[in-house]
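Novice: Need a 3D model of the sequence below.
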Amino acid sequence: MKKYILIIILCAFLIFTDNVYATEASFSIFEKLDDIANLKHDDIYYYFYYAYAIRNTDTQNMAYCIEPFTDLIEKTPYTGYRDYDSKIGISKEIWDRLKLLSYYGYGYKNHTENKWINITQIAIWRTVDPNHVFEWIDNVYDRNVIKPYEKELKELEDLVNNHYKLPNINENITMSVNSTLEIEDSNLVLSEFKIKDSTIDAYLSGNKLIVNSKDSDGEITLIKEGVIKKDSEFFYNASSQKVIERGDFDPIEYKIKVKVKSGSIKIIKIDSDTESKVPQGDASLVGAIYNVFDDKDNLVGKITINDDNTGIISNLAYGKYKVKEEKPGVGYLLDKEEYTINIDEDNLEIVIYLKNKVVERLVRLIKYYGTQEEYEDGTMKKEIGVTFEIYDRNNKLVYIGTTDNDGIIETMLPYGTYLIRQITSTSNYEKVDDFELKIDENTEDVIEIVLNDLEIDVPDTHIGKGLLSLFVILAAKVLNYVGTF
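Specialist: Below you'll find the predicted structure:
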């Protein structure tokens, strides 16, 4: 046999924003919620209640009953607890869920109609007493089960169930220096958070987190917290219904660490002929200057080659860059090539070897020898097999060569100042004096030098030619005379 019990009071309670924490309170019936009633049953016993709302008599805040269909003794002193207490008679897990149901129920955003009071209360009862069925009926007399708020109830349940869902944003973000990163939350909950604090320039825009980096790492702390500015409270009296006043939930924090990375371009300067960092001649690879442009042809910096033949530009954002030489080192030709560099997370420290061609010229020594008369009438002979040595400004021998069948020596000399010395000569012919040769950008491509060795004069014996001839004749006659004996 079914037993029907009619009880007039339905407890439902709404908290208005109140920053005052009261350890003592009492509660009273405030208003009847028209056109709605509730049913509680376990298929044996059926209970029917009209829906009522009650208030804290001191603060006028509204509250929800925790014990389904249990009487509330009005104006009975209650003791309030902010933290979970065993007197509540439910688990900490259920208590935390009740706080969320009361927060997202009546009073949350557009949940301002009176129907939300009872929707919230039903949700609380179903949580604390899963052994009974709680439904809506049209009234306590006809007792027809109705389902007017299934949509709203699901909305409330979804809000509670998704409460702990965090933004789908990586806790460790890596981004480029001097850049902006927009991250959209695919979980669609970012709008429920705000930035508590940040050591990097960041802000929220709807469901996006926008981060502007400079040149250092940072950390962003997101927080989800209630707007009531009052803790949820459990009120207890041993002789009366237990109630909960709506308050804020425990804040949820989500930390995001931002690693700011930057790229660099390092140039190692080498000679194109030797592929070495050692320059040729008196030239220098040091002091070359390169311009670095971004993909919009904006100059972002310069690289100057220093004493160890390297130069670097750092703190570059991800992107494409162009490197072009503005000025070569002394004694080297300008490199007209344009080099494209791509910097990204996987390619941060770019090292490139760039070459320069030294300024050099063909030196041709053309060697002749002969008498003064031959020199004057242009009939001197090509001098073959004559050796020359060439020294740099540090007196280091850099070349040794011998004239060929045309009396010619050819060699390439790089930028610098040289001493040219003739080592050998045809017998009885003079050698040219040492001479200096300078090679630079203004020197002709082919340097042709004609050198002449003149015959060395016979030493003066102070005997005239006629007298010498007479002496020879007389000597012959004497020999002939002696030979007749």
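Novice: Remind me what the helix or strand encompassing residue 126 packs against, helices and strands.
Specialist: Element membership for residue 126, per DSSP states H and E: helix 115-128. Counting by 3 or more Cβ pairs under 8 Å, 6 or more residues apart in numbering; DSSP states H and E, the packing neighbours recorded for helix 115-128 are strand 27-41, strand 45-56, strand 62-65, helix 92-104, strand 133-137, helix 150-161. (Glycine included, C-beta is placed from N, CA and C.)
Novice: mind redoing it with 6 Å?
Specialist: Helices and strands touching helix 115-128, by 3 or more Cβ pairs under 6 Å, 6 or more residues apart in numbering; DSSP states H and E, are helix 92-104, strand 133-137, helix 150-161.
Novice: what's the most buried one of those?
Specialist: Greatest average neighbour count among those goes to helix 92-104 (a mean of 20), per mean count of other Cβ atoms under 10 Å.
Novice: neighbouring contacts of stretch 258-277?
Specialist: Here stretch 258-277 makes contact (Cβ atoms under 6 Å, 6 or more residues apart in numbering) with 173-174, 177, 200, 213, 217-218, 280, 285, 303, 305, 309-316, 341, 343, 348-355, 357.
Novice: Can you flag which of those belong to helices?
Specialist: Members of the contacts of stretch 258-277 lying in helices (criterion: DSSP state H): none.
Novice: From these, keep the buried residues only.
Specialist: Those of these that meet the buried threshold are 173, 177, 200, 213, 218, 280, 285, 303, 305, 309-313, 316, 341, 343, 350, 354-355, by 16 or more other Cβ atoms under 10 Å.
Novice: Grab the CA positions of stretch 240-250 and hand them over as PDB.
Specialist: The C-alpha trace of stretch 240-250 is given here as PDB (Å, rounded to 0.1, in the frame of the first residue of the first chain):
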ATOM      1  CA  SER A 240      16.600  21.200  12.200                       C
ATOM      2  CA  GLN A 241      17.200  20.800   8.500                       C
ATOM      3  CA  LYS A 242      20.800  21.300   7.300                       C
ATOM      4  CA  VAL A 243      21.300  24.000   4.700                       C
ATOM      5  CA  ILE A 244      23.900  25.400   2.300                       C
ATOM      6  CA  GLU A 245      24.300  29.000   1.300                       C
ATOM      7  CA  ARG A 246      25.500  29.700  -2.100                       C
ATOM      8  CA  GLY A 247      29.000  31.000  -2.400                       C
ATOM      9  CA  ASP A 248      32.100  30.800  -4.500                       C
ATOM     10  CA  PHE A 249      33.800  27.500  -5.400                       C
ATOM     11  CA  ASP A 250      37.500  26.900  -4.600                       C
END
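Novice: quick one: contacts of it?
Specialist: 11, 13, 15, 61, 63-67, 70, 72-73, 76, 98-100, 102-103, 226, 228, 230-236.
Novice: in it, what's buried?
Specialist: Neighbour counts over stretch 240-250 (16+ other Cβ under 10 Å) mark 240, 241, 242, 243, 244, 245, 246, 247, 248, 249 as buried.
Novice: Phi, psi for the fifth one please.
Specialist: Backbone geometry at residue 244, expressed as degrees, to the nearest 10, gives phi -130, psi 130.
Novice: separation between it and residue 127?
Specialist: According to Cβ to Cβ, to the nearest Å, residue 244 stands 11 Å off from residue 127.
Novice: low pLDDT regions in the protein?
Specialist: Within the chain, the segments meeting pLDDT under 70 span 1-22, 458-485.
Novice: domain ranges for it?
Specialist: Domain ranges of the chain: 3-161, 172-230+249-261, 264-356, 360-454, per automatic domain parsing.
Novice: Could you tell me how many residues sit around the closest residue to residue 334 other than its chain neighbours?
Specialist: Nearest in space to residue 334, with sequence neighbours left out and distances taken as Cβ to Cβ, 6 or more residues apart in numbering, is residue 328 at 5.0 Å. If you count neighbours by other Cβ atoms under 10 Å, residue 328 ends up with 23.
Novice: and what of residue 121?
Specialist: Using other Cβ under 10 Å, residue 121 has 29 other residues around it.
Novice: Let me know whether it touches residue 66 as I believe.
Specialist: No. Contact criterion Cβ atoms under 6 Å: residue 121 and residue 66 do not qualify, at 10.1 Å.
Novice: how close does residue 160 sit to residue 104?
Specialist: Applying Cβ to Cβ, the value for residue 160 to residue 104 is 6 Å.
Novice: swap that for residue 335, sorry
Specialist: Distance from residue 335 to residue 104, counting by Cβ to Cβ: 68 Å.
Novice: Now do the same contact list for residue 425.
Specialist: Contacts for residue 425 (Cβ under 6 Å, 6+ apart) come out as 386, 431, 453.
Novice: same question, residue 190
Specialist: Contacts of residue 190 (Cβ under 6 Å, 6+ apart): 167, 207.
Novice: can you tell me how far it sits from residue 110?
Specialist: 20 Å.
Novice: Between the two ends of stretch 192-206, what distance do you get?
Specialist: Criterion Cα to Cα, to the nearest Å; first-to-last residue distance in stretch 192-206 is 9 Å.
Novice: Leaving out the residues flanking it, which one is nearest to residue 81?
Specialist: Nearest non-adjacent residue to residue 81, counting by Cβ to Cβ, 6+ apart: residue 234, 4.8 Å away.
Novice: Quick one: neighbours of that neighbour, just the number.
Specialist: If you count neighbours by other Cβ under 10 Å, residue 234 ends up with 24.
Novice: from what I can see it touches residue 88, true?
Specialist: Yes. Using Cβ under 6 Å, residue 234 makes contact with residue 88 at a distance of 5.2 Å.
Novice: All the strands of the stretch 201-350 of the chain, residue numbers only.
Specialist: Using DSSP state E, counting those that start in this stretch, the strands of the stretch 201-350 of the chain run over 201-205, 208-212, 218-224, 233-236, 243-245, 252-261, 263-271, 289-294, 299-304, 310-316, 319-327, 338-343, 349-356.
Novice: Could you give the bridge partners of the residue nearest to residue 81?
Specialist: Note on residue 234: beta-bridge partners by DSSP bridges are residue 81, residue 244.
Novice: quick one: it and residue 79, what's the gap?
Specialist: Residue 234 sits 9 Å away from residue 79, going by Cβ to Cβ.
Novice: Before I go, just wanted to say thanks for your time.
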